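A.B. asks: Need coordinates for the below:
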Amino acid sequence: MIERIPFGNTGHHSARTIFGGAALRDMPQAKADAVLETLLEFGVNHIDTAAGYGDSELRIAPWMRASRNDFFLATKTGDRDGKGARASLERSLSRLGVERIDLIQLHNLVETDDQERALGPGGALEALVAAREAGLVRFIGVTGHGTFAPSRHLDSLRQFPFDSVLVPCNFTMLAQPEYASDFEELYKTCREHGVAFQTIKSVARRRWSLTDAGPRHSWYHPIREEEGLRRAVHFVLSRPDVFLNTSSDFTLLRPTLEAAAAEIRAPPDAAMRDDVRAMGIEPLFVRGVSDAV
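C.D. replies: This is a model prediction of the structure:
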């Protein structure tokens with residue numbers, strides 16, 4: 001079973017590996033059910049989806065009818081204005097078939113103009129706070145892709161006490177000094193204030209190239225080699241108080257959970273550098289070069 005730790009100051013103990021609901025976006029229900037059964041096997045009790053993840057919320061809904069109290073349920077809205085964010089939340093409640101969501105997150109809030117709109121008067125945050133007061137949601141978080149995500153989250157946390165953040169984390173991302181500096185400051189701030197710290201892209205190998213063969217279940221080329229994947233997972237989870245959100249590639253769910261259920265040991269940097277060379281691992285995001293999804 002995967003270790004459970006406090007999810008920030010929410011009072012919930014979540015499995016350190018959180019299920020990334022994007023994996024269900026195009027699945028028929030029967031296949032989604034089989035994927036979700038895997039969560040029970042490893043004790044995963046936290047599901048993270050989004051309004052923009054295709055049919056993911058619909059695939060999760062039958063599980064919520066049967067086992068709502070067994071899961072911490074998170075979703076996201078990409079809307080920046082209050083009216084749109086409230087409508088998005090209400091649509092998610094309907095699609096998930098629940099009366100309340102545990103965590104609603106402002107999705108990929110990394111552009112300064114988006115941040116100003118979402119956190120300002122009449123913005124998404126104002127509407128989500130009102131929804132929290134009305135009992136439709138318990139907690140509010142913020143997520144981000146790209147190299148500016150940690151610094152933008154720090155800005156957001158200065159303006160509002162968000163309950164959680166989410167940022168990319170893997171060996172090659174943290175090998176970039178600017179990103180690593182912002183990441184470490186955000187990590188320290190979150191630990192000091194009890195903000196749940198979620199990570200994505202742990203098993204990213206690089207962006208797809210035109211010559212890559214095989215199915216593309218995620219927008220990036222993942223690490224599939226067993227030992228390399230295990231080291232990538234342990235690299236993230238060897239850091240205290242950090243959560244790893246699983247890939248949108250459903251074929252990686254079981255190996256990721258198996259790695260997370262094993263004794264976590266921080267891999268030596270030399271071994272990680274060997275993986276980078278052997279598998280051609282590259283950072284998904286490079287400031288000024290490739291910062292978009």
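A.B. asks: And the nearest residue to residue 107 once chain neighbours are set aside, what's its pLDDT?
C.D. replies: Distances taken as CB to CB, 6 or more residues apart in numbering place residue 76 nearest to residue 107, at 3.9 Å, with adjacent residues excluded. For the C-beta atoms, the positions are set from N, CA and C on the backbone; glycine is no exception. Reported pLDDT at residue 76 in the predicted model: 98.
A.B. asks: and if you look at residue 12?
C.D. replies: 98.
A.B. asks: re the thing from before, you'd agree the residue nearest to residue 107 is in a helix?
C.D. replies: No. Under DSSP: H, G, I helix; E, B strand; the rest coil, residue 76 sits outside any helix and is assigned strand.
A.B. asks: Give the burial count for it, as a bare number.
C.D. replies: 26 (other CB atoms under 10 Å).
A.B. asks: same question, residue 263
C.D. replies: Neighbours around residue 263, by other CB under 10 Å: 5.
A.B. asks: Check residue 270 too.
C.D. replies: 8.
A.B. asks: Across the sheet, point out what pairs with the residue nearest to residue 107.
C.D. replies: residue 105 (DSSP bridges).
A.B. asks: thinking it is in contact with residue 105, fair?
C.D. replies: Yes. Residue 76 is within contact range of residue 105, at 4.3 Å (criterion: CB atoms under 8 Å).
A.B. asks: Can you name the residues that contact the closest residue in space to residue 42 that isn't next to it in sequence?
C.D. replies: Distances taken as CB to CB, 6+ apart place residue 257 nearest to residue 42, at 4.3 Å, with adjacent residues excluded. Taking CB atoms under 8 Å, 6 or more residues apart in numbering, we find residue 257 in contact with 2, 17, 38, 41, 42, 44, 246.
A.B. asks: Separate out the buried members of the residues you listed.
C.D. replies: Neighbour counting with 16 or more other CB atoms under 10 Å marks 2, 17, 42, 44, 246 as buried within those.
A.B. asks: The residues you listed in helices, which ones?
C.D. replies: Those of those mapping onto helices are residue 42, per DSSP state H.
A.B. asks: between the buried ones among the contacts of residue 257, which is closest to residue 196?
C.D. replies: residue 17 (13.7 Å; CB to CB).
A.B. asks: Quick check: closest non-adjacent residue to that closest one.
C.D. replies: Per CB to CB, 6+ apart, closest to residue 17 is residue 260, 4.2 Å.
A.B. asks: Mind listing what's buried along whatever helix or strand the one you found lives in?
C.D. replies: In this structure, residue 260 sits in helix 253-261 according to DSSP states H and E. By 16+ other CB under 10 Å, the buried positions in helix 253-261 come out as 253, 255, 256, 257, 258, 259, 260, 261.
A.B. asks: Closest to residue 236 out of those?
C.D. replies: Checking the buried residues of helix 253-261 against residue 236 with CB to CB, the nearest one is residue 260 at 9.2 Å.
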